[in-house]
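Undergrad: After the sequence you'll find the predicted model.
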Amino acid sequence: MPSPATPWTGAPLRVMVVAEKPVEGALSLVAPDGSVAATSPDRRGSDPYFWFAEIAKPAAGKWRATLAGSPAGCSPVTREITVEARKPAGISAPPGRIWQVRGSWNSTTEALFSAWIEKLFDAPPEQDLSWKVWSEVLRDQSRNFLFNYLGRGEDNVATGRPDCADFVYFLRAYFAFKMGLPFGYSNCSRGMGGRPPKCYQWFDIDHPEVTRPAPPPEQDAAAVITSAAALPPTGSAPRGFGLFPRSQPPADALPGTPPVVQAPPKPKPRHPTNFAEYLRDVGDVVHTGAVRVVAADDNTDFYTVPLTRKALHPGTVYADPYGHVLMLVGLVPEQDGKPGVFLAVDAEPDGSITRKRFWRGNFLFVHDPALGSPGFKHFRPIVGDRNGPLRRLSNAEIAKNPQYADFSLDQSRMNTEDFYDRMDDVMSPEPLDPGKAMTDAIASLYEQVKVRVTSVENGRKYQEKQAGITAMPDGPSIFETTGAWEDYSTPARDFRLLIAIDVVRNFPDRFARRSNRYAIPSGKSVDDIKRELQDVLASELASRKFSYTRSDGSQWTLSLKDVIDRIADFEMAYNPNDCVELRWGAPERSQEASTCKRHAPQVQRDKMATAYRIWFRERHWPTHS
């Protein structure tokens, strides 16, 4: 596959070859004069596999891309690529369309999507990889194979700051936009009243004018109830009064009943005129509930897959039961006793993009009927029947379709330990070195803590720029809201951090429970290794250090041991109205805390200490009643 779609001499020629099987070979780009202009000897990726080569200033004429060295008896694979001397017109959309559907989703386009995702976030696993906004990734031409693919400067337009759910939709939409593939998204509830999320409407790219729909019935009712609860209590209104907006109180309203003012009508949705505006509309509708819909439901944008290496390819989405979404971007195979690891990316509420590794501390898994179905999922294929509208394949159709055949309900039948045990087996089929496995878990916790440093620092900088108090939502809404609280508080991240701490400090016990999974040296018992692990754990936690910026701008250094020793303090460390010293658990009246000049209002602290703290202490995510 060449990029741009119509190559010409004024733009770099980028060529990607994608294989669904691990064939050996080297990619060569042969110029019109017969010389080899570029080679790519190394196969990259893991199911799918890919080669990549680039020519900064290609000459006009016929180029040849050749993959040679395939299995014995197979001839080299060659494709011709024409490079134009003049700039082509570019691929445009018909009037009233954001893009025209020119192709279809199948195993080939899915493999290209996976390879594009893997190259977009490719780097050695030990390298910290993060960006302030996702547009920084897209505009990095060394990463984004599809930069200016359509040839009309389409990547020069700002495309917003997606959160975690928006991000996976945006990546899929971006690829579909470039490649002319079908795309759609659903309007879903978040789940409430003990019921899991459910989708009510679906909007496809053939109908971009139907966007920003009304919220699902249960969401709308919850919003009205919340508004009614905010009214001053009167003690005289009939039960249920105020739940339905009116322009004036009814005639039989009792004296003193406050009027319920009807909200002004929402403006009519504006028809998106470009891709950036289309993404804005997508982001206004989608959220994490769309990724947690029950696995057996066909009316959803995702379907669950088996936990196999083939199914867990880049582009696979992970639905955290507690409202977070990540996307797999690569697999580092097991080697020399060091565990294999899946790498993933996510977007935080502040718009930052971070690559992280799969482990129990940030890929949470638990079954609760009120939360929907967690786990690994693929985007549901969208097809266009002959002379018919676009539609999504059902679970049964996916299971029978030879292009996919990967729908599975296996994850729905797994308990928490079964899930993580199975993932260990997928990432590391061979017995693990227990010391390396534990060190890898500690490294993952360290990575998670360093990400929190950035989040808390963003809150500190925000505090410096504004003098007011950030409003704190009530109840479970502290985990899912909008505005400054969403951007600078960390309740969901701290909830996951507490679980991550549990995983690391309990690793020796987990090793003993599943010792058959590890390579135990001859002459040593399970108890011997467990004691060694406990010693290594103490040493590693004390040696891994990091620094954060205090309220006065000075640096303060902590270790992972300090974080674990302060685990109880992290049950109330998420409020951006508190100084950063409190958010890192600085002991009261200590030198570390001496620079603290800001505290959350007492009413907020009281709620955090009484009603909310138990959620963090018991590691029990609250659900809306």
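TA: All right, it came through fine. Numbers count the residues shown, from 1 in each chain.
Undergrad: for whichever strand or helix holds residue 582, the distance to its chain's centre please.
TA: Per DSSP states H and E: residue 582 is located in helix 580-583. Distance of helix 580-583 from its chain centroid, counting by CA atoms, centre = their mean, to the nearest Å, is 27 Å.
Undergrad: Packing partners of the helix or strand just after it?
TA: Later in the chain than helix 580-583, the nearest helix or strand by DSSP H and E is helix 602-607. Using 3 or more CB pairs under 8 Å, 6 or more residues apart in numbering; DSSP states H and E as the contact test, no helix or strand touches helix 602-607. Every C-beta, even on glycine, is put in place using the N, C-alpha and C of the backbone.
Undergrad: Could you list the alpha-carbon positions for helix 602-607 in PDB?
TA: Extracted as PDB, the C-alpha positions of helix 602-607 are listed here (Å, rounded to 0.1, in the frame of the first residue of the first chain):
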ATOM      1  CA  GLN A 602     -14.400  21.500  54.500                       C
ATOM      2  CA  VAL A 603     -17.700  20.400  53.000                       C
ATOM      3  CA  GLN A 604     -15.800  18.600  50.200                       C
ATOM      4  CA  ARG A 605     -13.400  17.100  52.700                       C
ATOM      5  CA  ASP A 606     -16.200  15.800  54.900                       C
ATOM      6  CA  LYS A 607     -17.900  14.100  51.900                       C
END
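Undergrad: Show the average pLDDT along the next helix-or-strand element following that helix.
TA: Remark: after helix 602-607, the chain's next helix or strand is helix 613-617, criterion DSSP H and E. Per-residue pLDDT over helix 613-617 has a mean of 95.
Undergrad: ok, residue 364 touching residue 322?
TA: Yes: using CB atoms under 8 Å, residue 364 makes contact with residue 322 at a distance of 6.0 Å.
Undergrad: shared neighbours, these two?
TA: Taking CB atoms under 8 Å, 6 or more residues apart in numbering as the criterion, residue 364 and residue 322 both touch residue 496.
Undergrad: Who are the contact partners of residue 495?
TA: Here residue 495 is in contact with 322, 479, 615, 616, 619, 621 (CB under 8 Å, 6+ apart).
Undergrad: Write the ChimeraX selection for whichever of those are buried.
TA: Here is the ChimeraX command that selects the buried residues among the contacts of residue 495 (16 or more other CB atoms under 10 Å):
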select :322,479,615,616,621
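Undergrad: Let me see the confidence value for residue 24.
TA: Value for residue 24, per-residue pLDDT: 84.
Undergrad: Distance check, it against residue 332.
TA: 20 Å (CB to CB, to the nearest Å).
Undergrad: Not including adjacent chain positions, what is the nearest residue to residue 51?
TA: Leaving aside its chain neighbours, residue 51 sits nearest to residue 27 (3.9 Å; criterion: CB to CB, 6 or more residues apart in numbering).
Undergrad: Where does that neighbour sit: helix, strand or coil?
TA: strand (DSSP: H, G, I helix; E, B strand; the rest coil).
Undergrad: Tell me, please, the helix or strand in the protein that averages the lowest pLDDT.
TA: helix 217-229 (a mean of 42; mean pLDDT, DSSP states H and E).
Undergrad: Quick check, residue 427 in contact with residue 358.
TA: Yes: taking CB under 8 Å as the definition, residue 427 is a contact partner of residue 358 at 7.3 Å.
Undergrad: so what's in contact with the two at the same time?
TA: With CB under 8 Å, 6+ apart as the test, residue 427 and residue 358 both reach 341, 342.
Undergrad: quick one on the thing from earlier: residue 24 and residue 332: who's more crowded?
TA: The neighbour comparison of residue 24 against residue 332 (other CB atoms under 10 Å) goes to residue 332, with 17 against 13.
Undergrad: May I have the helix or strand containing residue 534 exported as PDB, CA atoms only?
TA: Using DSSP H and E, residue 534 sits within helix 526-543. Extracted as PDB, the C-alpha positions of helix 526-543 are listed here (Å, rounded to 0.1, in the frame of the first residue of the first chain):
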ATOM      1  CA  VAL A 526       8.200 -22.400  46.500                       C
ATOM      2  CA  ASP A 527       8.700 -21.000  50.000                       C
ATOM      3  CA  ASP A 528      12.400 -20.200  49.300                       C
ATOM      4  CA  ILE A 529      11.400 -18.300  46.100                       C
ATOM      5  CA  LYS A 530       8.600 -16.500  48.000                       C
ATOM      6  CA  ARG A 531      11.100 -15.200  50.600                       C
ATOM      7  CA  GLU A 532      13.500 -14.100  47.900                       C
ATOM      8  CA  LEU A 533      10.700 -12.200  46.200                       C
ATOM      9  CA  GLN A 534       9.800 -10.400  49.400                       C
ATOM     10  CA  ASP A 535      13.400  -9.300  49.800                       C
ATOM     11  CA  VAL A 536      13.700  -8.100  46.200                       C
ATOM     12  CA  LEU A 537      10.300  -6.300  46.500                       C
ATOM     13  CA  ALA A 538      11.500  -4.300  49.500                       C
ATOM     14  CA  SER A 539      14.700  -3.400  47.800                       C
ATOM     15  CA  GLU A 540      13.100  -2.400  44.500                       C
ATOM     16  CA  LEU A 541      10.400  -0.300  46.100                       C
ATOM     17  CA  ALA A 542      13.000   1.700  48.100                       C
ATOM     18  CA  SER A 543      15.300   2.200  45.100                       C
END
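Undergrad: which parts of it are buried?
TA: Neighbour-count burial for helix 526-543 [16+ other CB under 10 Å]: 529, 530, 533, 536, 537, 540, 541.
Undergrad: out of these, who's nearest residue 602?
TA: residue 541 (34.3 Å; CB to CB).
Undergrad: that older thread, what comes into contact with the helix holding residue 582?
TA: 456-457, 459-460, 490, 548-551, 556, 573-575, 592-593, 595-596, 599.
Undergrad: Taking those, please make a ChimeraX selection of just the buried ones.
TA: Buried residues within these, by 16+ other CB under 10 Å, are selected in ChimeraX with:
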select :456,459,460,490,548,550,551,556,573,574,575,592,593,595,596
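Undergrad: Show only the entries of the contacts of helix 580-583 found in helices.
TA: Secondary structure defined by DSSP state H assigns 456, 457, 459, 460 of the contacts of helix 580-583 to helices.
Undergrad: Tell me which stretches of the stretch 201-350 of the chain form helices.
TA: 217-229, 275-285 (DSSP state H, counting those that start in this stretch).
Undergrad: related to what we said a few turns ago, nearest to residue 520, out of the buried residues of helix 526-543: which one, please.
TA: Looking across these and measuring by CB to CB, the closest to residue 520 is residue 529, at 6.0 Å.
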